[in-house]
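J.: sequence and predicted model, in that order:
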Amino acid sequence: MIVIMGAGGATGGATLRSLAALGAPSRALSRDPARLASVLDEQTAARTEVHPGEAADPQSLRAAFRGAHQLFLTMANGPHQVRYELNAIEAAVDCGVEHVVKVSAPAAEPDSPVAVSRGHHLVEERLRSSGITTTVLRPYAFMQKLLLLAPGIAAAGVVHGAMGRARCNYVDVRDIGDAAARVLTRPELAGGTYPLTGGRAYSHAELTALLGGLLGRPIRHLDLSPSELHAHLVGRAGMPGWLATHVVEIQQLAVDREETPDDAFLRLTGRAPRTLEAFLRENVHRFR
């Protein structure tokens, strides 16, 4: 049995659907099982056992992990993420889980300039010391997060950023799900570390040019200093301070470390990743 944590989120949900498409049964954890069950498509529902589970409650995790051999571990970034993921690892150890696939982040290093990535490093280290076979997925920026820019683009035709001319790797969450499902169903792939990107990286200028072409009107990129972007995200976009700091940090990471595509997704799945152009065409109505 494969247990999916974060099943109600974008990455966990994509992994559930990808496993179902491969015919693999899974157990999806949720604080609200009835709600999760109500939004599953027919194919996924037929292959999924929905089970109550709360990352802040280790006892509920142990109950949910009984009889499971694999765990897909993904959680939303936040102040409690490290503690919650460590709770899941301890429960997995106690319940005899043999393989954990963890969604991590680029630059998951002890001295990373990105605070969230330092947290991922701590979790990875605990996993590796547990004796459980550990597979790490390192996705870059989610294409789906670009939809958060849609209101500003629709209203003012502006994308705010602090990357200058630096390029960012974007990956479709559905490809993360496909990669995770492949690792969870192909034992020979377990134990690796896989960076996940799209087929090319884009600057904000290139991103706005793509959007402008699809929308038939000019979209501007307003390049700010890191402190200006942070102030904009908190004051105008209403982001919590910690999340605004994270956005600024990952944009500065792209400035400091050139981002280039990786072929790990192709090696895992045998196909090219989804393109940013296709994602934007699919969602162009959101930006109008």
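T.: Received, thanks. Residues are numbered from 1 along each chain as shown.
J.: I'd like the average pLDDT over stretch 44-54.
T.: The average pLDDT for stretch 44-54 rounds to 93.
J.: stretch 263-271 now?
T.: pLDDT averaged over stretch 263-271 gives 97.
J.: packing partners for the longest strand that the chain contains?
T.: Ranked by residue count under DSSP state E, the longest strand found in the chain is strand 133-139. With contacts defined as 3 or more C-beta pairs under 8 Å, 6 or more residues apart in numbering; DSSP states H and E, strand 133-139 has these neighbours: strand 99-103, helix 115-129, helix 173-185, strand 193-196. Where C-beta positions appear, they are placed from N, C-alpha and C, glycine not excepted.
J.: wait, is residue 202 part of a strand?
T.: Yes - under DSSP: H, G, I helix; E, B strand; the rest coil, residue 202 sits within a strand.
J.: that one touches residue 168, doesn't it?
T.: Yes - Residue 202 is within contact range of residue 168, at 6.2 Å (criterion: C-beta atoms under 8 Å).
J.: looking at these two, which has the bigger crowd around it?
T.: residue 168 (23 against 19; other C-beta atoms under 10 Å).
J.: could you measure from the more buried one over to residue 236?
T.: As judged by C-beta to C-beta, to the nearest Å, residue 168 and residue 236 stand 21 Å apart.
J.: residue 6 and residue 30, how far apart?
T.: Plainly put, residue 6 is 9 Å away from residue 30 if you go by C-beta to C-beta.
J.: the two - which one has more neighbours?
T.: Taking neighbours as other C-beta under 10 Å, residue 6 and residue 30 compare with residue 6 leading, 24 against 21.
J.: quick check: phi and psi at that one.
T.: Main-chain torsions, residue 6, degrees, to the nearest 10: phi 70, psi 30.
J.: contacts only, for it.
T.: Applying C-beta atoms under 8 Å, 6 or more residues apart in numbering to residue 6 gives the contacts 12, 29, 72, 73, 74, 75, 76, 103.
J.: nearest spatial neighbour of it, skipping sequence neighbours?
T.: Closest residue in space to residue 6, ignoring its immediate chain neighbours: residue 12 at 3.6 Å, by C-beta to C-beta, 6 or more residues apart in numbering.
J.: swap in residue 93?
T.: That would be residue 130: by C-beta to C-beta, 6+ apart, it lies 5.3 Å from residue 93.
J.: and the one you found, what pLDDT?
T.: 95.
J.: same check on residue 6?
T.: Looking at residue 6, its pLDDT is 89.
J.: now the one 10 residues further on
T.: In the prediction, the pLDDT value recorded for residue 16 is 96.
J.: surely it is in a helix?
T.: Yes - Residue 16 forms part of a helix when assessed by three-state DSSP.
J.: correct me, but it touches residue 48?
T.: Yes - with contact defined as C-beta under 8 Å, residue 16 counts as touching residue 48 (6.0 Å).
J.: what strand or helix carries residue 253?
T.: Here residue 253 sits within helix 241-256, counting by DSSP states H and E.
J.: helices or strands up against that helix?
T.: helix 115-129, strand 167-171, helix 226-235.
J.: out of those, which gets nearest to residue 195?
T.: Of all these, strand 167-171 sits nearest to residue 195, with 8.4 Å by C-beta to C-beta.
J.: list the buried residues in that closest one.
T.: Judged by neighbour count (16 or more other C-beta atoms under 10 Å), strand 167-171 contains these buried residues: 167, 168, 169, 170, 171.
J.: tell me the mean pLDDT over that strand?
T.: The pLDDT scores in strand 167-171 average 97.
J.: that strand pairs with which strands, parallel or anti?
T.: Next to strand 167-171 in the sheet, as set by DSSP bridges, lie strand 141-142 (parallel), strand 201-203 (antiparallel).
J.: quick one: distance of it to the chain centre.
T.: 13 Å (C-alpha atoms, centre = their mean, to the nearest Å).
J.: element containing residue 206, please.
T.: Using DSSP H and E, residue 206 sits in helix 204-215.
J.: next, the buried residues of that helix.
T.: For helix 204-215, a neighbour-count test (16+ other C-beta under 10 Å) marks 204, 205, 206, 207, 208, 210, 211, 214, 215 as buried.
J.: would you turn those residues into a markdown table with pLDDT and distance to residue 157?
T.: Formatted as a markdown table, those follow (pLDDT from 0 to 100; distance: C-beta to C-beta, whole Å):
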| residue | pLDDT | distance to residue 157 |
| --- | --- | --- |
| 204 | 96 | 14 |
| 205 | 95 | 14 |
| 206 | 96 | 16 |
| 207 | 96 | 13 |
| 208 | 96 | 9 |
| 210 | 96 | 14 |
| 211 | 96 | 9 |
| 214 | 96 | 13 |
| 215 | 95 | 8 |
